[in-house]
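>>> Task: produce atomic coordinates for the following.
(chains A and B)
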Amino acid sequence: MTIVKRSMITAVCVALTVVLPMAFHAVPNAGSVILPMHIPVLLCGLICGWPFGLACGLIGPLLSNLFTGMPPMAALPAMLVELAVYGLMAGLLMSCVRTRKVYADLYISLLVAMLAGRIVAGMARALIFAAGSYSMAAWTTSYFVTSLPGIAIQIVLLPSIVFALERARLIPARYPKEIVLDGSPGLDSSE
Amino acid sequence: MSRIPAGMYIPGKSFLHRLDPLAKLIGLIILLAAVIAASSPGGYLLLILFIGVLLALSGLPFKLAIAPLRRTYLFFAVIFLMNALFFADVDPLWTWWIFSLSRTGLIQGANVVLRLAIIIVAGHILISTTSPMEITAAFRRLLKPLQYINIPVDIVALIVSVAIHFIPVLAEEVEMIRKAQTVRGARFDSARLRDRAASLLPLVIPVFVNAFKRADELALAMEARGYRGEGRRVSGPEIAFQARDFGAVLIMAAICAVQILVL
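Residues are numbered from 1 along each chain as shown, chains lettered A, B, ... in the order given. So this is what the prediction gives:
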């Protein structure tokens, strides 16, 4: 993928970090339960790589705060850290993990990124943003218990979105199928 | 969704419209610091008065300026009640079951709501008086020092600019897909939380596929016109800060200093 296409995909993912939470406003407390802002950031990291995932994780919450006031100013720094780590780790792992099975690559990258983001955001809260008043119980509740529906949605939805995009030929296949023509050497289907 | 204020620039010739976009952006950042520092009634009064002055200088109708607040009043009510009724205090005013109304909780709720309301109105004034192109240019100028540590400022500014343009477009698209799914039987207004959450899932995949289609078309068009994402872009003459821009930033800094040191 060219740098221009990666930039445009990052731009739409940033726009979706603002638009998706507005679409989910029918569900009470959707921000902390369904985590709509995480989906475009993780997807951007998985598809465009770590620099773009990191940019999406940093720009998305800032623009959302500017346009809709959400996430609130008090929660913004921790959210920035969390989403930046999601985008960064998802991209890094997608470039490092190559099992020759797309599902395995996606799930390993996704789950490790989700865990890393939560650990780093918890540490940032405990050491910087809420130093002295943040407990292990609060971390477990807010990042794993309350957001359990959101975690489940991400695990089910993100690989489905990646496959839907691959099928629509909007992103290149991770492992292109080789076509062998009558004894000639294998050709890359993406060529 | 179709009435969102996002990206709604209202052309005009007011003082705020003519102010350098970079000065407005820096001013907003300083104002955010002042809002975070506010904790006393005097501090909030100063900020509300200042927002009133900004509103007068922007020439925007009052109704339009507070439109985002009218749309989120339910959210403000929930935030206020959550703080007022669940704030742990040794001396509650009223207690029933798991609820405990306390004076500290009421003050905390008012603090959160006031801060949020001031930030939303200030951001709305900036967006209403500055075109998306001006905001992008201001971002590019604000981020310029980062290019010395090899951060591709032009690409970041491009991403921000395209994202700002896409927000209203995608919001409309989400609304359209939501209506299409409602016709197909999705239950967005079901009383059950599970049904509502489940009905949102078929909304997300088409939204992403359509958004990526737009990104693909835009990238193709840009590449066809020779844009490769590298090298310096020509974006009009460099704008220099004028006396009024310095004045505006200094006033914001003074308000922030008064907020932190005096009130």
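
>>> And the pLDDT at the one residue sitting closest to the centre of chain B?
In chain B, the C-alpha nearest the mean C-alpha coordinate belongs to residue B:123, at 5.0 Å (Cα atoms, centre = their mean). Here, the pLDDT recorded for residue B:123 equals 82.

>>> The nearest residue to it once chain neighbours are set aside and residue A:156, how far apart?
Leaving out its chain neighbours, the residue that sits closest to residue B:123 by Cβ to Cβ, 6 or more residues apart in numbering or on different chains is residue A:66, at 4.9 Å. Every C-beta, even on glycine, is put in place using the N, C-alpha and C of the backbone. Per Cβ to Cβ, to the nearest Å, residue A:66 is found 31 Å from residue A:156.

>>> more crowded one of the two?
residue A:66 (22 against 10; other Cβ atoms under 10 Å in any protein chain shown).

>>> Tell me if that one really is in a strand.
No - counting by DSSP: H, G, I helix; E, B strand; the rest coil, residue A:66 is not part of a strand but helix.

>>> Tell me who's in contact with it.
Counting by Cβ atoms under 8 Å, 6 or more residues apart in numbering or on different chains, residue A:66 touches B:123, B:126, B:127.

>>> any idea which element the second one lies in?
I take that to be residue B:126. Taking DSSP states H and E as the criterion, residue B:126 maps to helix B:103-129.

>>> can you pull the pLDDT of residue A:185?
52.

>>> Against residue B:212, how distant is the residue most central in space within chain A?
Residue closest to the mean C-alpha point of chain A, counted by Cα atoms, centre = their mean, is residue A:42 at 0.8 Å. Taking Cβ to Cβ as the measure, residue A:42 falls 15 Å from residue B:212.

>>> Residue A:18 now?
Counting by Cβ to Cβ, the gap from residue A:18 to residue B:212 is 17 Å.

>>> Now do the contacts for the residue nearest to the centre of chain B.
Counting by Cβ under 8 Å, 6+ apart, residue B:123 makes contact with A:65, A:66, A:67, A:69, B:28.

>>> what do you get for residue A:119?
Contacts of residue A:119 by Cβ under 8 Å, 6+ apart: none found.

>>> That one - that's part of a strand, no?
No - assigned with three-state DSSP, residue A:119 falls outside any strand and is helix.

>>> From the chain's centroid, how far away is the helix holding residue B:126?
Helix B:103-129 sits 12 Å away from the centroid of its parent chain (Cα atoms, centre = their mean, to the nearest Å).

>>> list the buried ones in that helix?
For helix B:103-129, a neighbour-count test (16 or more other Cβ atoms under 10 Å in any protein chain shown) marks B:105-106, B:108-109, B:111-129 as buried.

>>> do stretch A:98-115 as well
Buried, per 16+ other Cβ under 10 Å, within stretch A:98-115: A:105, A:106, A:107, A:108, A:109, A:110, A:113, A:114.

>>> What's the local residue count around the closest residue in space to residue A:33 that isn't next to it in sequence?
Among residues not flanking residue A:33 along the chain, residue A:149 sits closest, at 5.5 Å (Cβ to Cβ, 6+ apart). By the criterion of other Cβ under 10 Å, residue A:149 has 16 neighbours.

>>> Show me what the helix or strand harbouring residue A:149 is packed up against.
Using DSSP H and E, residue A:149 falls within helix A:148-167. Other helices and strands packing on helix A:148-167, by 3 or more Cβ pairs under 8 Å, 6 or more residues apart in numbering or on different chains; DSSP states H and E, are helix A:30-33, helix A:38-48, helix A:102-124, helix B:193-224.

>>> any idea of the angle it forms with helix A:38-48?
Here the directions of helix A:148-167 and helix A:38-48 differ by 40 degrees (axes from the mean of the first three to the mean of the last three Cα atoms, to 10 degrees).

>>> List the buried residues in helix A:148-167.
Buried, per 16+ other Cβ under 10 Å, within helix A:148-167: A:149, A:150, A:151, A:153, A:154, A:157, A:158, A:159, A:161, A:162, A:164, A:165.

>>> what angle sits between that helix and helix A:102-124?
With the same axes, to 10 degrees applied, the angle from helix A:148-167 to helix A:102-124 works out at 140 degrees.

>>> Could you list the alpha-carbon positions for helix A:148-167 in CSV?
Only the C-alpha atoms of helix A:148-167 are listed here, as CSV (Å, rounded to 0.1, in the frame of the first residue of the first chain):
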residue,chain,number,x,y,z
LEU,A,148,-16.5,-6.9,28.6
PRO,A,149,-19.2,-6.3,25.9
GLY,A,150,-16.8,-4.0,24.0
ILE,A,151,-13.9,-6.5,24.2
ALA,A,152,-16.2,-9.2,22.8
ILE,A,153,-17.4,-7.0,20.0
GLN,A,154,-13.8,-6.1,19.1
ILE,A,155,-12.7,-9.7,19.0
VAL,A,156,-15.7,-10.7,16.8
LEU,A,157,-15.9,-7.6,14.7
LEU,A,158,-12.3,-6.6,13.8
PRO,A,159,-11.2,-9.8,11.9
SER,A,160,-14.6,-9.7,10.1
ILE,A,161,-14.0,-6.1,9.0
VAL,A,162,-10.5,-7.0,7.8
PHE,A,163,-11.9,-9.9,5.8
ALA,A,164,-14.8,-7.8,4.4
LEU,A,165,-12.3,-5.2,3.3
GLU,A,166,-10.0,-7.8,1.7
ARG,A,167,-13.0,-9.3,-0.1
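
>>> about what we covered before: of the contacts of residue A:66, which is the nearest to residue B:33?
residue B:123 (14.3 Å; Cβ to Cβ).

>>> what's next to the helix holding residue A:149, contact-wise?
Against helix A:148-167 from outside (Cβ under 8 Å, 6+ apart): A:32-36, A:38-39, A:42-43, A:46-47, A:102-103, A:106-107, A:110-111, A:114, A:144, A:171-174, B:197, B:201, B:204-205, B:208-209, B:212.

>>> Produce a ChimeraX select command limited to the buried residues of those.
Buried members of the contacts of helix A:148-167 can be picked out in ChimeraX with the line below, counting by 16+ other Cβ under 10 Å:
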select /A:33,34,35,36,38,39,42,43,46,47,106,107,110,114,171,174 /B:197,204,205,208,212
